[in-house]
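Student: here you go, sequence then predicted model.
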Amino acid sequence: MAAVNWRTFVKTGRDHLLRRKPRLQRTIRELARRGHLPPAVWLRLHPIGIWTLRAPDGAPFLYNSDFDDDRLARHIVWTELRHWESSVQPVLFELARHAEVFLDVGAYSGIYTLLACVANRDLHAIACEPNPANLAQLRSNVRLNGLDNRVTIVAEALSWACGRGRLTIPADTSRATLRRVPGRAGTREIEVEVTTGDQLLGDGRVDLIKVDVEGLESQILAGLEKVLAAHRPTIIAECLDQQALLRVRATTFRFGYHHIYHLDGHGPVPIDDTFIHPQRCPHFLFRTEPMVYPGRITTGQESRSAGG
């Protein structure tokens, strides 16, 4: 009976209760952050409202999780980024410190755009997000942090050629893709404008690129050939499996990207042709020059704890 009541509470009453009881939300967050509340519980609860998060150096920024489609909010808010891509955040944050222009492809709610802007007050970000639901949250988060004049939002998908495409949007909208995904329950499709990175940027420079588009990373980079050839930006790409990694390596190798690193939680680890994709920590860093990474990877929550 208790299990039935719990499921009913989670499905029908959680948002109403959490919205009415902000102190309860703060308690959930504190318990989750300290590891006293199991993920099986907090992953079922969607945080509601505007939250203060901490960048890897402890600097605060705001995040609006009041969007039902934001499946990442539970990871981002309840544990203050500790349980979400903790091997990627600090590396991107450090690289953004020294970048002038950051291209965020598959920006989703804008979390990496926000982190990059916090890392470097002089940085300009270009955030590409074709999904209308996520686009609304991206705009909200940019506006909330006063970044309207530092972030260019592009409501188009990027690929290897310009035109129009069908965006498949599953229930977890963080996995929206231009690939056809037949037979997946809860999916819908919308038509979106598609452009290339070269067309978008023109002669403009870019120093840092993050690409997370559910398996089409190599196509995105194929549409950025002029940019890669001219500016040699550092690339962080999600590669979900061995074949995806090989495709991205082949695309970037022609432009001098001979230094590849796996972001595995211990810092950027160099890999070679014998590397086998571990099916976890699926993010990789591509550079034309060797990288020296300063220190151990830390998350925003660890920085906050160290600072008291």
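Tutor: Looks like it arrived, so ask away.
Student: going by C-alpha atoms from here, please, whenever you check contacts or count neighbours.
Tutor: Noted.
Student: strands paired with the helix or strand where residue 103 lies, and their directions?
Tutor: Secondary-structure assignment from DSSP states H and E places residue 103 in strand 101-105. The strands that strand 101-105 pairs with in its sheet are strand 124-128 (parallel), strand 208-211 (parallel) (by DSSP bridges).
Student: send me the shortest one as CSV with only the CA atoms.
Tutor: Coordinates of the C-alpha atoms in strand 208-211 are reproduced here as CSV (Å, rounded to 0.1, in the frame of the first residue of the first chain):
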residue,chain,number,x,y,z
LEU,A,208,35.9,26.5,-28.0
ILE,A,209,33.1,24.2,-29.3
LYS,A,210,30.9,21.9,-27.3
VAL,A,211,28.8,19.4,-29.4
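Student: ok now it, how far from the chain's centre?
Tutor: How far strand 208-211 lies from its chain's middle: 10 Å, per CA atoms, centre = their mean, to the nearest Å.
Student: helix or strand next in line after it, which one?
Tutor: Following strand 208-211 in sequence order, the next helix or strand is helix 217-222 (DSSP H and E).
Student: on that earlier part again, what helices or strands is the helix or strand that comes right after the strand holding residue 103 leaning on?
Tutor: Beyond strand 101-105 on the C-terminal side, the first helix or strand identified by DSSP H and E is helix 111-119. With contacts taken as 3 or more CA pairs under 8 Å, 6 or more residues apart in numbering; DSSP states H and E, helix 111-119 sits against strand 60-64, helix 89-97, strand 101-105, strand 124-128.
Student: next, the angle from the last one to helix 111-119.
Tutor: When you say that, I think you mean strand 124-128. Relative orientation of strand 124-128 versus helix 111-119 (axes from the mean of the first three to the mean of the last three CA atoms, to 10 degrees): 180 degrees.
Student: re earlier: now the strands paired with strand 101-105 as JSON lines including distance to residue 65?
Tutor: Below are the strands paired with strand 101-105 laid out as JSON lines (distance: least, CA to CA, whole Å):
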{"stretch": "strand 124-128", "distance to residue 65": "18"}
{"stretch": "strand 208-211", "distance to residue 65": "22"}
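Student: out of the ones you listed, which gets nearest to residue 80?
Tutor: strand 208-211 (21.0 Å; CA to CA).
Student: can you pull the poorly scored residue ranges out of the stretch 1-150 of the chain?
Tutor: 1-17, 19-20 (pLDDT under 70).
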